[in-house]
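> Structure for the following, please:
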Amino acid sequence: MNVLDTFEEDDTYKCFLSTEYDAEKYANSIIASSTVSQTLQALQTGVEKLNFALEEHVSDHYEDLINQATGMDILEESLAIVKTRIDQLQRSMTTIKKRLSEPYNQMTVRTQQLGRLQKTCDVLRRVTRIQYLTKRLKQQLDGGIKEITKTSQTFNELQYLYGDGDLEGIEVIDKDIDWVKKARADMEVQAEQLLTQGLSSFNQNQTSTALQVFNSIGTLQLVVSKTLQSKCGSVEQNLKSALSGSYEQSYNGAAPGGANIGNTTAWRASLWTSLDKWSNNISSQYNQIHVLHRTLVRRRDASSQKTLLEECNVTPIQTYVSAVSSALQQELRNVNSSAKQALNMEYPKALRLVVSLWNHFSAKLDVEGLEDVTLPNINIREVLTPFQCTYLARSLNRLLDPVNIAFPGKTVPSTSEMESIVRIMVSELTAARGDEELKKLSTNNILKAIRDILNKCESLTHHGSGINDITSAPTQYHIRNIQVINVLCTLHSKLEEVPADLSAGRTEVWNMISDSVNSLLDPFRSQIEHILNTIHDTDFGFDKQDITDCSTYINLIEETINHLVSNYLSHVSNKTTVLPKLQDFQDSLISLYLHHLCAVRPLGEGGKMMIATDIAEMERVLGGLLDEHAVSEQFKVLRAFRAVLFLSVEDLCTVRNVPKPMLLNHMFSRAGDALLSPYKVAGWSPSQYVAWLYSHPYEVVDMIQGTIQWYEDMIRESGAPAFDPIYPHIIKLLQNCK
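You can find the predicted model right below:
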């Protein structure tokens, strides 16, 4: 192991290997520890070890040491040669330095002289140019506002020539400096006046001239920013004054903040006058900003070819619109209580004012040069949301309050009360005109009022026992139900006058009218159906004879219809509205009557004459349902069927104005006994079959097809020699149906 490694591991010698070894500190520590003798002994031992290690190392490397000693002599000789050559080089450099210094010094002097000459020439040129421009400037100033653009260019060049003041002290130009400064100030005042005049009159030529002047003298961005700041700064303060009702006016009853307000109506009029003036002022200012922005876009800098808008790095339109939006948000959020109440009550006015303002902003962008300009993404309606909510709540109350007054308990409102309610609906929609979103919200309120009316009408309608008793005069329940129908009819007809899409509400009203009228007519329909069932108790199989009177069932139906018209429908005040329901009622009775007639069997020639007479009487009786007799499709079918009674079997297949299922059923009435009617095959009574026909109109042909199939099977099984003569005609008509 190396002796140094041994010392590194021995605490006695380790400290001597440290780079921070301090002999004095070491001695003091040994003396303090009272181990001087032991330490000295250890040190002596260490010295002996080192001496022995050195001797051993020299002995092992004797030849290397001798070689290194010889190499030192050679190195000394080489160093001597190098030193001699360095001395020679230094002497050569000194000689060269002496030869170059003189030309260098001369060149330095000449360069300084040339720089001074160039600077002097530059100063002379600038002075000469300044003198010329000063003279030309005086001529241009004499030209007044017409020469202001050229004057600004001259000032721009003079400003460049004067530089950073390095020409001060030259008497020939110093005498004109004050005059030039004053002339420049005067020109800036003229340019500001020209800009103000151009913006006020929306004159792009004047505005363009003023902006070119400011661009020439380097103050374009400052002037544009100052103009914008002036316009934007007045927006909020003017709005605050307008909301206090004192904008550009003096009113004795109004005070800022809404204090000491006397005549409320007059103060509100003052408020809206102020807001209108503020809106007009904003529109006018925006038009000025629009002219400014458009001019900045269309004009370019002569040197950089950038637009003036790019040169001044501003966005006038967006900045101004943002200022208006911020002012509205700030002031409407902190509006005084009196103005807040006025805005709540007359929210549509405020909405129209703000929306028209924003529409004006947007409309002005649709011009050449402003295609890429977009307004800030601001939902201006959100500013008015609190007022909208309050207004709509009050609007709903204005709609519901008269409804509640008109329906006090079990009393049915009068027609005039319903008309008054509809007038209020019209009034609410009229207030919301001009704004589709507000109109939609107001329409929703109206629909709520309509549904409230329907709910109250439903609660007034009687559905209990006694409503089907129509044997005598109408009961109080019938009368009240009819009064409800009158109310609903008035509402339905008056809603047509409301200037809004209330199709959903009118549909709901009509559905309730339909249900109410059906409820009124259903007992009569049931009674007439019962009477029509007696047709099959009458014998229509007799031969020809003179027919002097109609059948008994016609008289019974006439009594029922007359009872309905005179005692019930006479109380319906608006027959026009319920006319479609009466028409449906009439058509349903005709359809039911025709189905019964088609099922009559047997049918002789005399029976045909009687049925024809009955049909004529039925037309007269059912025509009494309607004040204005309108010939419906069912009426036409009824009249056509009267002619069908007397057609031959062959001609029946060519009839076009009577439904084919009816013709098929009628053919069975002319068939022989072997060809049974469909209801006979099914084991039904004629009344049951007619009820089935009425409720299953699309299955009639299949029913008859099944009957014919049964007949064919029966003939084959019985071995009858031939089919009924009418059989092929029924088959032919069935094929036409398919």
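> Give me the helix or strand of this structure that scores worst on average pLDDT.
Ranked by mean pLDDT, DSSP states H and E, the weakest helix or strand in the chain is helix 148-162, scoring a mean of 64.
> Show me where the stretch 451-600 of the chain has its helices.
Residue ranges of the helices in the stretch 451-600 of the chain, as given by DSSP state H, counting those that start in this stretch, are 476-495, 503-533, 552-567, 575-599.
> Let me have those helices in a markdown table, extended by distance to Q68, mean pLDDT and mean neighbour count.
(Glycine included, C-beta is placed from N, CA and C.) Putting the helices of the stretch 451-600 of the chain into a markdown table (distance: least, C-beta to C-beta, whole Å; pLDDT from 0 to 100; neighbours: other C-beta atoms under 10 Å) gives the following:
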| stretch | distance to Q68 | mean pLDDT | mean neighbour count |
| --- | --- | --- | --- |
| helix 476-495 | 125 | 90 | 21 |
| helix 503-533 | 117 | 92 | 18 |
| helix 552-567 | 147 | 92 | 17 |
| helix 575-599 | 134 | 91 | 20 |
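> So for G233, which of those sits nearest?
G233 sits nearest to helix 503-533 of all those, at 49.6 Å, using C-beta to C-beta.
> Could you find the closest non-adjacent residue to K49?
In space, and not counting its chain neighbours, K49 is closest to V3: 5.7 Å by C-beta to C-beta, 6 or more residues apart in numbering.
> Could you dump the helices of the stretch 451-600 of the chain into JSON lines with distance to S304 added?
Shown next, in JSON lines, are those (distance: least, C-beta to C-beta, whole Å):
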{"stretch": "helix 476-495", "distance to S304": "67"}
{"stretch": "helix 503-533", "distance to S304": "62"}
{"stretch": "helix 552-567", "distance to S304": "93"}
{"stretch": "helix 575-599", "distance to S304": "76"}
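> Ok, which of those helices comes nearest L199?
helix 503-533 (50.3 Å).
> how close does N359 get to F723?
Taking C-beta to C-beta, to the nearest Å as the measure, N359 falls 82 Å from F723.
> again, but for N665
19 Å.
> what packs against whichever strand or helix holds W278?
Using DSSP states H and E, W278 falls within helix 264-298. Packing contacts for helix 264-298, counted by 3 or more C-beta pairs under 8 Å, 6 or more residues apart in numbering; DSSP states H and E, involve helix 171-200, helix 204-216, helix 220-243, helix 308-312, helix 316-333, helix 337-345, helix 347-363.
> Ok, which of those comes nearest R381?
The minimum distance between R381 and these falls on helix 347-363, with 7.7 Å, by C-beta to C-beta.
> chain center to the closest one: distance?
Centre-to-centre, helix 347-363 and its host chain are 16 Å apart (C-alpha atoms, centre = their mean, to the nearest Å).
> Excluding its own residues, what touches it? List them.
272, 275-276, 279, 282-283, 286, 317, 321, 324, 328, 343, 375, 380-381, 383-384, 387-388, 390-391, 431-432, 434-435, 438 (C-beta atoms under 8 Å, 6 or more residues apart in numbering).
> quick one: average pLDDT of the helix or strand following it?
Once helix 347-363 ends, the next helix or strand along the chain (criterion: DSSP H and E) is helix 385-406. Helix 385-406 comes out with an average pLDDT of 91.
> What of stretch 346-366?
85.
> Buried residues, that stretch. List them.
By neighbour count with 16 or more other C-beta atoms under 10 Å, stretch 346-366 contains the buried residues 346-355, 357-358, 361, 364-365.
> cool, and stretch 223-241?
For stretch 223-241, the neighbour count (16+ other C-beta under 10 Å) marks 223-224, 227-228, 231-232, 235-236, 238-241 as buried.
> Kindly present those residues as a markdown table, with separate columns for distance to Q38 and pLDDT.
As requested, those are exported to a markdown table (distance: C-beta to C-beta, whole Å; pLDDT from 0 to 100):
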| residue | distance to Q38 | pLDDT |
| --- | --- | --- |
| V223 | 97 | 82 |
| V224 | 95 | 83 |
| T227 | 99 | 85 |
| L228 | 95 | 85 |
| K231 | 100 | 85 |
| C232 | 95 | 87 |
| V235 | 99 | 86 |
| E236 | 96 | 84 |
| N238 | 103 | 87 |
| L239 | 101 | 86 |
| K240 | 99 | 85 |
| S241 | 104 | 84 |
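> what separates the closest residue to I482 other than its chain neighbours from R480, distance-wise?
What sits nearest to I482 in space, not counting adjacent residues and going by C-beta to C-beta, 6+ apart, is H571, at 4.5 Å. Using C-beta to C-beta, one obtains 10 Å as the distance from H571 to R480.
> now swap in S570 and tell me
16 Å.
> Could you pull up phi and psi at the closest residue to P499 other than its chain neighbours?
Spatial nearest neighbour of P499, chain neighbours left out: L429 (5.6 Å); criterion: C-beta to C-beta, 6+ apart. Dihedral angles of L429 (phi, psi; degrees, to the nearest 10) stand at phi -70, psi -30.
> Isn't L429 up against K439?
Yes - contact between L429 and K439 holds when scored by C-beta atoms under 8 Å: they sit 6.5 Å apart.
> list the residues that contact both of those two?
A500.
> Run a quick neighbour tally on the closest residue to T443 other than its chain neighbours.
Once flanking residues are discounted, T443 sits nearest to A500: 4.8 Å by C-beta to C-beta, 6+ apart. By the criterion of other C-beta atoms under 10 Å, A500 has 20 neighbours.
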